[in-house]
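Student: Build the 3D model from these lines:
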Amino acid sequence: MDNTCEIILAGAGIIDIPVVPFDAAASAYSVPHDRITMNPGGDALNEALVLGALGKKVRLISRMGDDDAADYLLSRCEKAGVDTTCVTRAPEIDTGINVVLVDEAGERRFLTNRNGSLRKLELSDFTPEAMQGGRIFCFASIFVFPLLGVPEMAEIFRRAGRNGMIVCADTTMPKNHETLEELAPALQYVDYLFPNLTEARAITGLTDPHEITQAFCDAGVKTVVLKCGKDGCLLRNAEGEITVPGYPARCIDTTGAGDNFVAGFLCAKLDGKSDIECARYANAVASVCVESVGASTGVRSRALPDERYAKLLERK
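Tutor: Got it, this is the predicted structure:
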């Protein structure tokens, strides 16, 4: 095992088929759309590919099928320099494929395979070898995997912390109406949590963003970075709370915007930036993402994110 990686990412690696723009009212036998493409997808894979484009060394912990779809995804990882030695290939499952229906505003809905690899990651995939060597561990995302409940997440986070890593986690919508109180035994080990506003409202039962960030901190999270779309993010830790404005972008497709945000934040953290600077860089990376179709197609290098980050610094 090569222990030169900087970030260990755990979560889904699948294929996305974006349909842009999708017309839900269409009823014809054959309906043409402006674009239908095939791209890598899944929160952890999205973050890994973006971080690779930003020049960081990443190890991916994921589970895929033993099929052509997995071959395609692993080849994309190889090109991006992502370490996939800890990706389990299971011949009894299909590699996940999501059809992403993107509307005129860039918002999306997903058609998913309930029996695919998207939901199959389990505790045994987090081997001692897989969990060593990084400076940051990020589980991206909570609620995707039925076999990883709160006790399993707590064990994963404890293990990462014992290995000296900064522990991070992202969320999706709670599939079984999990509450903040139920998640607290795992969240107490999390240094950085990255929910979006919709997810955070569902988890906490609160509506006010400021009350939401306080509730997560009260549950044990060290730093909460609440993603607020085009409005940027709200960051709270023991020192207080601050709103970090986003970078104005021409939105085409929001798929993967949150994953790009997290990738940008982690990249900046590795560069030694402060939390506020990390949030600004995360907003810059996310703004690049939404201007392209696909979750990991926008960010090709550090050039454009760095340029936009510099402009955000001028506006502060």
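Student: which residues does the nearest residue to residue 194 once chain neighbours are set aside contact?
Tutor: Nearest residue to residue 194, sequence neighbours excluded (CB to CB, 6 or more residues apart in numbering): residue 170, at 4.6 Å. Where you see a C-beta, it was placed from the backbone N, CA and C, and this is true even at glycine. Residue 170 makes contacts with 11, 43, 138-142, 193-195, 258-259, 262, as judged by CB atoms under 8 Å, 6 or more residues apart in numbering.
Student: same check, this time on residue 16
Tutor: With CB under 8 Å, 6+ apart, residue 16 has these contacts: 38-42, 97-98, 100, 255, 294-295.
Student: how does it look with 6 Å?
Tutor: Residue 16 is in contact with 39, 41, 98, 100, counting by CB atoms under 6 Å, 6 or more residues apart in numbering.
Student: what does residue 112 give?
Tutor: residue 98.
Student: Provide the backbone phi and psi angles at it.
Tutor: The phi/psi pair for residue 112 (degrees, to the nearest 10) reads phi -120, psi 160.
Student: Likewise for residue 202?
Tutor: phi -70, psi -40.
Student: now residue 211
Tutor: phi -70, psi -30.
Student: and what of the one 4 residues further on?
Tutor: With angles defined as degrees, to the nearest 10, residue 215 shows backbone torsions of phi -60, psi -40.
Student: Kindly provide the distance from the residue nearest to it when sequence neighbours are not counted to residue 150.
Tutor: Spatial nearest neighbour of residue 215, excluding adjacent residues (CB to CB, 6+ apart): residue 204 at 4.8 Å. Using CB to CB, to the nearest Å, residue 204 is found at 16 Å from residue 150.
Student: Please say which of the two ends up with more neighbours.
Tutor: residue 204 (21 against 15; other CB atoms under 10 Å).
Student: any idea where the helices of the stretch 201-316 of the chain begin and end?
Tutor: Here the stretch 201-316 of the chain has its helices, by DSSP state H, counting those that start in this stretch, at 209-218, 257-270, 275-289, 303-315.
Student: could you dump those helices to a markdown table with mean neighbour count?
Tutor: Formatted as a markdown table, the helices of the stretch 201-316 of the chain follow (neighbours: other CB atoms under 10 Å):
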| stretch | mean neighbour count |
| --- | --- |
| helix 209-218 | 18 |
| helix 257-270 | 28 |
| helix 275-289 | 26 |
| helix 303-315 | 15 |
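Student: possible to save those as TSV with mean pLDDT and distance to residue 90?
Tutor: Converted to TSV, those look like this (pLDDT from 0 to 100; distance: least, CB to CB, whole Å):
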stretch	mean pLDDT	distance to residue 90
helix 209-218	98	34
helix 257-270	98	23
helix 275-289	97	30
helix 303-315	94	35
